[in-house]
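Asker: dropping the sequence and predicted coords here.
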Amino acid sequence: MKGYKTHFELLSNEVRGLSDAYCLSCFLKGIMLGVRIFNPSDLVAAYSLVKMWEENLKMVQGSCRLNVMAIIGKNFPINQSKGFTGKNLSI
């Protein structure tokens, strides 16, 4: 999302005469619904929401990844050099 924000700022700075409301509307059209539903009042608020959304997403993804690895590690034999071997699998 950082790339989108940077690209948006570069483009919007090249066009003169756009209202703040129009710029906000354009920015919001290109981002995820999870940020748009908060209805930010300006670009600064939208940027802040995007940053918070990304940080939360990273935290959740990391948590899920750890939980999956804990479950897999307990239930399935994993050969570190070959990955999942499928041997001794009982369901």
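Answerer: Right, received. Where do you want to start? A quick note: this is a predicted structure, and the numbers were derived from the prediction, not measured.
Asker: okay, CA-based contacts and neighbour counts for the rest of this
Answerer: Fine.
Asker: residues making contact with stretch 13-30?
Answerer: 8, 12, 36, 42-43, 46 (C-alpha atoms under 8 Å, 6 or more residues apart in numbering).
Asker: compute the first-to-last residue distance for that stretch.
Answerer: 17 Å (C-alpha to C-alpha, to the nearest Å).
Asker: cool, and stretch 29-46?
Answerer: So stretch 29-46: terminal residues 11 Å apart, C-alpha to C-alpha.
Asker: buried residues in it?
Answerer: 35-36, 40, 43, 46 (16 or more other C-alpha atoms under 10 Å).
Asker: adding distance to Arg16, write these out as CSV.
Answerer: Converted to CSV, the buried residues of stretch 29-46 look like this (distance: C-alpha to C-alpha, whole Å):
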residue, distance to Arg16
Val35, 26
Arg36, 25
Pro40, 22
Leu43, 16
Ala46, 21
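Asker: which residue ranges of the chain form strands?
Answerer: Counting by DSSP state E, one finds strands in the chain at the ranges 78-79, 83-84.
Asker: sorry, back to before: return the member of the buried residues of stretch 29-46 nearest to Trp53.
Answerer: Val35 (7.0 Å; C-alpha to C-alpha).
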